[in-house]
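Enquirer: What shape does this take:
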Amino acid sequence: MILTTRLLWFSAGLTVSQRLIVLHPAHANDAALLAHERTHQAQMARVGTLRWWWRYLTSKAFRQQAEVEAYQVQISHGGKRSTCAMNLATMYRLDLDYGQAFLLLKD
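Expert: Now for the predicted structure:
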């Protein structure tokens, strides 16, 4: 299920669970972003939703791996590598600079 709401002010999208993605209406038709969020759903399916969230919130290494995988999928669906790298460097408390993030998102 995909829910769109303007209450999602801090992000273009958020995967809540294996069955729920929340998107800001301005990004509701962004196929690359949806592919990113669906990647998080697949990650949750592999490890379990609650375990995924626990690890995502408590482990910087896990969070980085999860976001790098999702951004690589987003790029393969037409997302701009430069934008994805900027997001990766600034949105997830990973202590990465833009250059490091850009390199992590290589093909």
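
Enquirer: residue boundaries of the strands in this structure?
Expert: Using DSSP state E, the strands of the chain run over 2-4, 13-17, 20-23.

Enquirer: contacting residues around the last one?
Expert: Spelled out, it's strand 20-23. Contact with strand 20-23 is made by 1-5, 8, 12-16, 30, 33-34, 37-38, 41, as judged by C-beta atoms under 8 Å, 6 or more residues apart in numbering. All C-beta spots, glycine's among them, are computed from the backbone N, C-alpha and C.

Enquirer: what about it, distance to the chain center?
Expert: The chain centre lies 12 Å from the centre of strand 20-23; the measure is C-alpha atoms, centre = their mean, to the nearest Å.

Enquirer: The first one too?
Expert: Distance, stretch centre to chain centre, for strand 2-4: 16 Å (C-alpha atoms, centre = their mean).

Enquirer: Direction included, what does it pair against?
Expert: strand 20-23 (parallel) (DSSP bridges).

Enquirer: and what of the longest one?
Expert: Partner strands and pairing direction for strand 13-17 (DSSP bridges) are strand 20-23 (antiparallel).

Enquirer: could you give the mean pLDDT of the partner strand?
Expert: Strand 20-23 carries an average pLDDT of 96.

Enquirer: what does stretch 35-48 give?
Expert: The predicted model assigns stretch 35-48 a mean pLDDT of 98.

Enquirer: which parts of the least confident helix or strand in the chain by mean pLDDT are buried?
Expert: Lowest by mean pLDDT, DSSP states H and E among the helices and strands of the chain is strand 2-4, with a mean of 89. Buried residues in strand 2-4, counting neighbours by 16 or more other C-beta atoms under 10 Å, are found at Thr4.

Enquirer: Before I go, just wanted to say thanks for your time.
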